[in-house]
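Novice: give me the fold of what follows.
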Amino acid sequence: MMDRAEAERIVLSKGWLAAQPPAFQAALFRESGLLRFRKGETVYLSGSGPGGLYGVVQGSFGTYVSTRFSGPDLSHILRPGWWFGEGPTLGSETRLIGVRAMEASFALHLPLAAGRALVRDPDAARSVSEISRLGMQVAVMNVSELLIRRVDRRLGAVLLRVSGAAENGVLRPTGDVRLTQGDLARMANASRDLVNRMLARFEAAGWVRLGYNRIAILDPEATARFAYQREWHRVAVPCAAIDAAEPGCPAAAMAG
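Specialist: Down below sits the predicted model:
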């Protein structure tokens, strides 16, 4: 069972809440409770009514997007330090996305009434609205990644984002994080078979370490250089690490 003091320590060590004023942090903690979610449990659905604000303490939560014509589709994975569900706290009457637990997880929960009382203070409202800005940054990254035409590079970019290796614009290695190859294939808009082969080649290049439904990013810098292919990102990539038949990977040279 997760200890409440440990839960607070985790969300104060990273992410949105860590950057807020101490008085705001204390006010949020006074009104929030710690919830446990089973693997696969729905937190809320797109289009559902208003509810509270959540902060990831342990585990991970998938965000699902829907339109009138498609979805729900897995788009991102929220890991410890991320907060979500701020819309109703700020006055929205419906949820724009759906969220469910990707594994057994814990989250802090600020109920709707307490959240709306908190944001009567303009400074507190500005603090909570920052969550929406962070979410928009992720949405822009998501769209940008899906516009990468080459699937192996697109996979690398998505992998950095959803693993947490590229949070806040800073590349960091990760420990083992829960991420199935099927989930990654859906988020990268690629076949599972192709994702399996590409991940094996990323592992052979020393960029990642694969486990059962787990992955660790060992070399995010090399992965980013390969994924984004900017002039200052160019990296010598052994063709054994990717498909030698792909454009940009002549038999003896660089990818890109």
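Novice: neighbours around Phe226, how many?
Specialist: Counted with other Cβ atoms under 10 Å, residues neighbouring Phe226 total 27. All C-beta spots, glycine's among them, are computed from the backbone N, C-alpha and C.
Novice: same thing with Leu146?
Specialist: 14.
Novice: could you check how far it is from Leu194?
Specialist: Between Leu146 and Leu194 the computed distance is 15 Å (Cβ to Cβ, to the nearest Å).
Novice: swap in Thr63?
Specialist: Thr63 is 24 Å from Leu194, by Cβ to Cβ.
Novice: what about these two, which has more around it?
Specialist: Counted by other Cβ under 10 Å, Thr63 and Leu194 do not tie: Thr63 has more neighbours, with 24 against 15.
Novice: direction included, what does the helix or strand hosting the more buried one pair against?
Specialist: Using DSSP states H and E, Thr63 sits within strand 61-65. Take DSSP bridges as the rule and strand 61-65 pairs in its sheet with strand 73-78 (antiparallel), strand 98-101 (antiparallel).
Novice: among these, which is nearest Arg150?
Specialist: Each of the strands paired with strand 61-65 has some distance to Arg150 by Cβ to Cβ; the shortest is strand 73-78, at 20.4 Å.
Novice: in the closest one, what counts as buried?
Specialist: 74-78 (16 or more other Cβ atoms under 10 Å).
Novice: which one of those residues is nearest Pro122?
Specialist: Closest approach between these and Pro122, by Cβ to Cβ: Leu78, at 26.9 Å.
Novice: how close does that closest one sit to Asn196?
Specialist: Applying Cβ to Cβ to Leu78 and Asn196 gives a distance of 25 Å.
Novice: what does His109 give?
Specialist: 36 Å.
Novice: these two: which is more packed in?
Specialist: Ranked by neighbour count (other Cβ under 10 Å), His109 and Asn196 place His109 first, with 19 against 14.
Novice: how about that one, secondary structure?
Specialist: Secondary structure for His109, judged by DSSP: H, G, I helix; E, B strand; the rest coil, is strand.
Novice: about what we covered before: need the buried residues of strand 73-78 in JSON lines with pLDDT, can you?
Specialist: Output for those, formatted as JSON lines (pLDDT from 0 to 100):
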{"residue": "Leu74", "pLDDT": "96"}
{"residue": "Ser75", "pLDDT": "96"}
{"residue": "His76", "pLDDT": "97"}
{"residue": "Ile77", "pLDDT": "97"}
{"residue": "Leu78", "pLDDT": "97"}
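Novice: would a markdown table of the residues you listed with distance to Leu12 be doable?
Specialist: Below are the buried residues of strand 73-78 laid out as a markdown table (distance: Cβ to Cβ, whole Å):
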| residue | distance to Leu12 |
| --- | --- |
| Leu74 | 29 |
| Ser75 | 27 |
| His76 | 23 |
| Ile77 | 22 |
| Leu78 | 17 |
